[in-house]
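Asks: starting from these lines, generate the structure:
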Amino acid sequence: MTHDPLVAGEVRRTVAIRDGRTSSEVLRRTVTDEHGAESVSEREYVMLDRTGRVQLPQKFLEALGMEHRVAVDLAADRIEVRRDDHPDHA
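Replies: Residues are numbered from 1 along each chain as shown. Take a look at the predicted model:
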């Protein structure tokens, strides 16, 4: 376990904890292109707990001005989460 971002960037898997719960997981893998050049591919996932709770990345919430509550819709292949712009939003 480490809190050092430089060390965390060198491992295949990093798990983040926020408010005492696992909030996200970053998976990294080395990719070689057709010229033999290597690069690291990263994909961040948020964790879904047993009760269906998800902790969205703080940077996403801040970028979209989301706080207190959000609106959600079920689409054919995804769940859409957006800022609550309802006029009664306090």
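Asks: surely residue 81 is in contact with residue 61?
Replies: No. Using Cβ atoms under 8 Å, residue 81 is not in contact with residue 61; the gap is 9.8 Å. No exception for glycine: its C-beta is placed from N, CA and C like everyone else's.
Asks: who's in contact with residue 23?
Replies: By Cβ atoms under 8 Å, 6 or more residues apart in numbering, the residues touching residue 23 are 16-17, 46-47, 55, 57.
Asks: so which of the residues you listed is the most crowded?
Replies: Counting neighbours by other Cβ atoms under 10 Å, residue 55 comes out on top of the contacts of residue 23 with 18 neighbours.
Asks: now that residue: phi and psi?
Replies: Main-chain dihedrals, residue 55, degrees, to the nearest 10: phi -100, psi 110.
Asks: now do the same contact list for it.
Replies: 18-19, 21, 23-24, 46-47.
Asks: pick out the most distant pair among those residues.
Replies: By the measure Cβ to Cβ, the contacts of residue 55 have their two most distant members at 19 and 46, which lie 13.4 Å apart.
Asks: next structured bit after the helix or strand harbouring residue 23?
Replies: Assigned by DSSP states H and E, residue 23 belongs to strand 21-32. Next in sequence after strand 21-32, counting helices and strands by DSSP H and E, comes strand 38-46.
Asks: tell me the angle that following strand makes with strand 21-32.
Replies: If you take axes from the mean of the first three to the mean of the last three Cα atoms, to 10 degrees, strand 38-46 sits at 160 degrees to strand 21-32.
Asks: off-centre distance for strand 38-46?
Replies: 12 Å (Cα atoms, centre = their mean, to the nearest Å).
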